[in-house]
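Novice: sequence first, predicted coordinates after that:
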Amino acid sequence: MKQIVQKDSQVLREIAKEIPAKEIISPKIQKIINEMKEALASQEDGVAIAAPQIGYSLSIFVVSGKINQFIGTKGEVNPNETLEDTVYINPKIIKTSKETKTLEEGCLSVRYLYGKVKRHTKATVEAYNENGKKFTKGASGLLAQIFQHETDHLKGVLFIDKAKNLEEIIPEHLK
């Protein structure tokens, strides 16, 4: 399985390359998407992952179907609901709310550091799915926060570049 790279890795600071639409369904890109899903599934606290986090400077992120445990499809918590992981290729945030909120954030590539980041409360993304079909998805709350965090990754920005009150919180089982 691909390892999740950590904050000192150069690939996390690069601007990710867009993928030509005709290449989305290529075996190479499909393999990378599967590696991303596998790496994400291996992290019990992970809700999304960007391609640079497993060493590929490509414009892709995957949102875990697990986030439904936190928000559900209608916005409420539903721990029994699991959906498929959602793939966003060449994502662009095309609209955000004026309203912002300072939210707790962490990252699989900045292990066990957490901080407060100011994010828009709503965001709309335009992207391609893993089959090369273009789509638009609007979100609020956690999913809007994820859209902003992951598109930052694709611009070479880590949440610690924006965060206030950084704090290291190591899980009990690792102490």
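Specialist: Right, received. Where do you want to start?

Novice: would you map the helices across the chain?
Specialist: For the chain, the helices defined by DSSP state H cover 27-41, 68-71, 141-154.

Novice: need the winner for burial among those.
Specialist: helix 141-154 (a mean of 22; mean count of other CB atoms under 10 Å). The way it works is simple: take the backbone N, C-alpha and C, and place the C-beta from them, glycine included.

Novice: give the rounded mean pLDDT of that helix.
Specialist: Summarised as a single mean, pLDDT over helix 141-154 is 96.

Novice: how much space is there between residue 148 and residue 93?
Specialist: Distance, residue 148 to residue 93, using CB to CB, to the nearest Å: 7 Å.

Novice: thinking again about what came up before, can you lay out the helices of the chain as JSON lines showing distance to residue 52?
Specialist: Shown next, in JSON lines, are the helices of the chain (distance: least, CB to CB, whole Å):
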{"stretch": "helix 27-41", "distance to residue 52": "10"}
{"stretch": "helix 68-71", "distance to residue 52": "24"}
{"stretch": "helix 141-154", "distance to residue 52": "6"}
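
Novice: tell me who's in contact with residue 49.
Specialist: By CB atoms under 8 Å, 6 or more residues apart in numbering, the contact set of residue 49 is 4, 36, 39, 40, 43, 61, 62, 108, 150.

Novice: tell me how many other residues crowd the closest residue in space to the fifth one that isn't next to it in sequence.
Specialist: Sequence neighbours aside, residue 108 is the residue nearest to residue 43 in space, at 5.7 Å (criterion: CB to CB, 6 or more residues apart in numbering). Other residues lying near residue 108 total 20 when counted by other CB atoms under 10 Å.

Novice: pLDDT-wise, which helix or strand of this protein ranks last?
Specialist: helix 68-71 (a mean of 60; mean pLDDT, DSSP states H and E).

Novice: shared neighbours, residue 148 and residue 93?
Specialist: Contacts common to residue 148 and residue 93, judged by CB under 8 Å, 6+ apart, are residue 123.

Novice: could you give the angle of the top strand by length along the chain to helix 27-41?
Specialist: When the chain is parsed with DSSP state E, its longest strand is strand 86-96. On the basis of axes from the mean of the first three to the mean of the last three CA atoms, to 10 degrees, strand 86-96 is oriented at 80 degrees to helix 27-41.

Novice: lovely, talk soon.
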